[in-house]
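In: Quick one: sequence plus predicted model below, questions after.
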Protein chains: 2
Amino acid sequence: MKVYLNPSQNDWSELLKRPTDSIADLQNTVTDIFKEVQQKGDKAVDKYTSFFDGVILNSIEVTSVEIQEAIEQVPIELKEAIQLAQSNIEKFHQAQKTEKVAVETAKGVICWQEKRPIQKIGLYIPGGSAPLFSTVLMLAIPAKLAGCKEIVLCSPPNKEGKINPAILYAAQLCGVTKIFKVGGIQAIAALTFGTKTIPQVSKIFGPGNQYVTVAKQIATNYGIAIDMPAGPSELLVLADETANASYIASDLLSQAEHGADSQVVLVTTDSNLISAVQQEIELQIKKLPRKSIAEKAILNSRFIYFKDKESAMEFVNEYAPEHLIIVSKEEDFYLDNLQNAGSVFLGNYTPESAGDYASGTNHTLPTNGYAKNYSGVNLDSFMKAMTFQKISKEGIQNIGKAIEIMAEAEGLQAHKNAVTLRLKDLV
Amino acid sequence: MKVYLNPSQNDWSELLKRPTDSIADLQNTVTDIFKEVQQKGDKAVDKYTSFFDGVILNSIEVTSVEIQEAIEQVPIELKEAIQLAQSNIEKFHQAQKTEKVAVETAKGVICWQEKRPIQKIGLYIPGGSAPLFSTVLMLAIPAKLAGCKEIVLCSPPNKEGKINPAILYAAQLCGVTKIFKVGGIQAIAALTFGTKTIPQVSKIFGPGNQYVTVAKQIATNYGIAIDMPAGPSELLVLADETANASYIASDLLSQAEHGADSQVVLVTTDSNLISAVQQEIELQIKKLPRKSIAEKAILNSRFIYFKDKESAMEFVNEYAPEHLIIVSKEEDFYLDNLQNAGSVFLGNYTPESAGDYASGTNHTLPTNGYAKNYSGVNLDSFMKAMTFQKISKEGIQNIGKAIEIMAEAEGLQAHKNAVTLRLKDLV
C-alpha cells in the first residue's frame, strides 16, 4: 500500500500509470499461430488445443447432448441467480435501443440514421479457475437483443475436454448459436479467418489473458473489429467521511482478487479514511481463498488524500478508471464534473460486484485509461449506425447549387457534374 | 471495365475483393518518425515538415490574423454554400443526441447510461490538390455538438507555408479550437504524444494517404482511439431499368475521380443498363479535369448483372459498400434486406455527392468491407457511453443473494464478501 498526501500535479504522472506489458515478445507467437490457422484451418486449431490445453478432441463443437447434461448439472440455486441477472441485464440493454433518427434537413432532402446488427459475432470466454459465465450473459444478451444472426462462443476445454456447465447453461439461455471448445490464440485466429468448422465473424468480444489480448489486436489487422483494447482490471474508490471503511475495503479487495496486476486506488478527501480502510483490508484479506493474489495487488495499491474535492475530481478524470465507486456527500458535484469512467457506483450500498453480476449494467468496460475515449460494451457495440437519404427533384434543386460550388472549390469536377446533369433536366 | 453476367457464388470472392496494400514497408518509416516525435517533440515535427512539405515555419500554430485573412479570401458564394452545408449537417447530427437511459432493473436498483464527450480530439485534414474543407465540416460540427473541449486540427502547409483559406474558414466556423500547419506522419505522432506546441488528444479522426492511415493504426498502440480503419473510397450502384443511365454514369465517375484505386461497382438486374451506363461514361469522362485518374479507376470497375433481386441483395451485403446508391422499383425490398453499407442514397435525384457535401449526413464512412462491423462517423463517435448505478438498502437486499451465488460459483469470494458485509448490516 502506498499512501500519498496531497500529491502535487507534478507527481501525478506516476500515480496515473498502469503497468504496460511489452507485447512485442508475444506478437511473434501470435502471428505464427495466426498464419498456421489461416493456412491449415481446423488441423492447426486441433494442434494448438492439444498443445496448450493438453487434450485431443474428436469434435470441437459442443453438442446438444452436452448442453442438456450441463443444464442438469447446474444447481437450481445458481440457475435462478443467473436468470435474475439475465432479466436485469436484458431490461437495461433493451432500454438502450434507439429509434430511427429522421430529419428533413432541407425541403425535399430526407436523411435518416438506422442501426442494424452486425451479422456475425464471436464471444471469447476464458477457461481456468474462474468460469466466467457472467461474461457470457454480458455479451450474449445484448448481441441477441441487437439481432446478431450468428453468435459464436469459443472457450477452452479443460483436461477432460469439457467446458464448465455454468458457461454452457448461460450460453444456451442467452441465445448463443454455436459453441466451440477452443481457447487462446487459436480461437481468435479461427474466428478471424474461419475454418471448416468455426465460422468467420465480423467482431470479437470478450476478455482473456495477454495472449488473447494480443491476438485480438492482431485480428484487427485482418478486418475484424474488437470490443475494445484490454488491460488489467481497475477500481478507484472516491470517498469521504460518509463512507463505510469496511465496505470500501471489501470493494477494493474484490478488485484485488482478480489478479496480481489489478489496479486498486482509493482517493479521499478524508485523511482518516485511509488508515481505517487499511485496517479493514488487513482483517478481511486473511479469510480470502485468493489471498495471495489479492495481497500482491494490494501491495501496489495507492491511497491518495486530496484536501479539496476539485483536486480529487481532476485526478479521477485524469486516471479515467474502469470502475469508479463514489461515496461522498459531494456526490452531485462529482457526478456533474465527471468526464471519464467506465462504470460508476454510487453510495454505500452499491458494491462493484453488483455491476459485475446482476444489477443490469455491463461489466465489459474500458481499462488502462481507455475510459477517456472508449465506451463500455453496450447494445450499440453489436450494431453499426448506417445513414440513408432520399432527395426529391425539389430537394436537389434546393441544395444542388451549394454542392456544385463546394465540389468545384475542392477540385472535384465529376462530383459537381453528378448534380449539374440532374439540375439541367429539371429546368 | 469488367462485366460479369450472373456470376456464381464460387466466383464472388474475386468480385468482393479490394486492393490491399502491404503496410509492412510503411510501418518502419512510421515507427521511426513516431519515436523521434515522442523523444524530440516540436523539433522532430519541424524537421519532417521541412523534409516532406519543403517549408520551414517560424510558428506552426495558425494565428487569428491568418484566420481573418482566410475569411476575407473565401468567395462569398463559397461561404454561403458552406453555411448551407453546415446548417444541414448540424440538424442531422443534433438529432442523433440521445437522452440518459434510466431503468430501475429491480426495486431499489437504478441503472442509467449517459454519453459524455471525449474531451480532446484531433482532426486530420489532408493537403494536396483537393482542399478538403468539407471534411472539416463533417468532423468539427459533430465534435462541437458532442461537447468536446479541445478540437485540434492538423493540416499540412503548402510551399508558401499556408493552409487553404477554405479549410481555415470552415475550421473557425465550426468551432475548431486550435489549428496547426503540420501534416503526415508527424502530425499524427504529435497528436498521439503531444509536444510543447501541439496537445495530445484521445481520439484522431480524418482521412489521409497510406502513411497517415498506417500512422493512425500505430497511434492505437499508444492508447489513442481512431475513427475507423481506412481504405480506398467505394461506390456500389444497385439499379434496375428505372434508373437513368446518364445519372449513374456521373455518380460512378464522381467516385472514380477520387483516386486510381477507387472502387466503382454497378450491380443491376437489368442487363441493358450495363452498356447504356458504359456509353455514358465514355461520353462524360472526356470532359473531366481528373480524367486520367478516373480512367484508371474505371478500368478496374466491375459491372455485374444478376437475374434476380435476391442474388443482387446478397452480393451487396457481402460487398458491404461504403456508398450505396439504390435506384430500383424494388427499393423497399432492398431497404428491408440490406445488412451492410456505410451510407445509402435512394432514387434518381440522390447523387452520392449530396452526402459528400451538403445533405446533412456524414461523409466519413467505413470502406473496404468495414461497413459490416463499423459505423460511419456520427455524433456518438465523439462521445463515450458510461453507465451509472445507485442501489438502495432495499435494492441490495433484492439482488444481493444472486450476486453472492454467482460470485461464489465463479470462485471470487471477495466479490461475494462485498455483498455479504452489507447484507449482514441490514438484517
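Out: Happy to help now that I have it. Numbers count the residues shown, from 1 in each chain, chains lettered A, B, ... in the order given.

In: any idea how far A:Trp112 is from the closest residue to A:Phe193 other than its chain neighbours?
Out: Nearest in space to A:Phe193, with sequence neighbours left out and distances taken as CB to CB, 6 or more residues apart in numbering or on different chains, is A:Gln38 at 4.7 Å. Any C-beta I mention is one placed from the backbone N, CA and C, and that applies to glycine too. Distance, A:Gln38 to A:Trp112, using CB to CB, to the nearest Å: 39 Å.

In: now do A:Leu168
Out: With distances taken as CB to CB, A:Leu168 is found 41 Å from A:Trp112.

In: Which one's more surrounded, those two?
Out: Under the neighbour definition other CB atoms under 10 Å in any protein chain shown, A:Leu168 and A:Trp112 were set side by side, and A:Leu168 has more, 27 against 18.

In: And the more buried one, how far from B:Leu78?
Out: Counting by CB to CB - A:Leu168 and B:Leu78 are separated by 63 Å.

In: Kindly report the same for A:Ala239.
Out: Distance check for A:Ala239 against B:Leu78: by CB to CB, it reads 56 Å.

In: again with A:Phe205
Out: 46 Å.

In: Looking at the two now, which is surrounded by more residues?
Out: Set side by side, A:Phe205 and B:Leu78 show unequal neighbour counts under other CB under 10 Å, the larger going to A:Phe205 at 27 against 20.

In: Ignoring the adjacent residues along the chain, who's closest to A:Glu408?
Out: Leaving out its chain neighbours, A:Glu408 is closest to A:Lys416 (CB to CB, 6+ apart), at 5.2 Å.

In: Tell me which residues touch the one you found, please.
Out: Counting by CB atoms under 8 Å, 6 or more residues apart in numbering or on different chains, A:Lys416 touches A:403-404, A:407-408, B:353.

In: which residue ranges form the strands in the stretch 151-300 of chain A?
Out: Under the criterion DSSP state E, counting those that start in this stretch, the stretch 151-300 of chain A contains strands at A:178-180, A:203-205, A:225-226, A:234-239, A:263-268.

In: now for the fourth one, which elements pack on it?
Out: Packing contacts for strand A:234-239, counted by 3 or more CB pairs under 8 Å, 6 or more residues apart in numbering or on different chains; DSSP states H and E, involve helix A:245-256, strand A:263-268, helix A:309-319, strand A:323-327.

In: okay, the angle between that strand and helix A:245-256?
Out: Calculated by axes from the mean of the first three to the mean of the last three CA atoms, to 10 degrees, strand A:234-239 forms an angle of 170 degrees with helix A:245-256.

In: Sheet-wise, list the partners of strand A:234-239 with their directions.
Out: strand A:263-268 (parallel), strand A:323-327 (parallel) (DSSP bridges).

In: tell me the phi and psi of A:Asp42?
Out: Here is the backbone geometry of A:Asp42 (degrees, to the nearest 10): phi -50, psi -30.

In: can you check the one 5 residues further on too?
Out: Note on A:Lys47: backbone dihedrals following degrees, to the nearest 10 are phi -60, psi -50.

In: how near is it to chain B?
Out: 26 Å (CB to the nearest CB, to the nearest Å).

In: repeat for A:Ile188
Out: To chain B, A:Ile188 is 15 Å away according to CB to the nearest CB.

In: again with A:His93
Out: A:His93 sits 9 Å away from chain B, taking CB to the nearest CB as the criterion.

In: That residue belongs to a strand, doesn't it?
Out: No - the assignment for A:His93, made by DSSP: H, G, I helix; E, B strand; the rest coil, is helix rather than a strand.

In: Excluding sequence neighbours, find me the nearest residue to it.
Out: Looking at A:His93 with CB to CB, 6+ apart, the closest residue is A:Pro142, at 4.5 Å.

In: what's the helix or strand hosting that neighbour packed up against?
Out: Per DSSP states H and E, A:Pro142 falls inside helix A:133-146. The criterion is 3+ CB pairs under 8 Å, 6+ apart, and the helices and strands that helix A:133-146 contacts are helix A:76-94, strand A:120-124, strand A:150-154, helix A:165-173, helix B:393-409.

In: at 6 Å what do you get?
Out: When contacts are defined as 3 or more CB pairs under 6 Å, 6 or more residues apart in numbering or on different chains; DSSP states H and E, helix A:133-146 packs onto helix A:76-94, helix A:165-173.

In: what about dumping the CA coordinates of that helix to CSV?
Out: Output for helix A:133-146, consisting of C-alpha atoms alone and laid out as CSV, is shown next (Å, rounded to 0.1, in the frame of the first residue of the first chain):
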residue,chain,number,x,y,z
PHE,A,133,-20.4,-17.4,-17.1
SER,A,134,-21.3,-13.9,-16.1
THR,A,135,-19.3,-12.6,-19.1
VAL,A,136,-21.5,-14.9,-21.3
LEU,A,137,-24.5,-13.0,-20.0
MET,A,138,-22.9,-9.6,-20.6
LEU,A,139,-22.0,-10.4,-24.2
ALA,A,140,-24.7,-12.8,-25.5
ILE,A,141,-27.7,-10.9,-24.1
PRO,A,142,-27.1,-7.6,-25.9
ALA,A,143,-25.9,-9.5,-29.0
LYS,A,144,-29.3,-11.3,-29.1
LEU,A,145,-31.2,-8.1,-28.4
ALA,A,146,-29.3,-6.3,-31.2
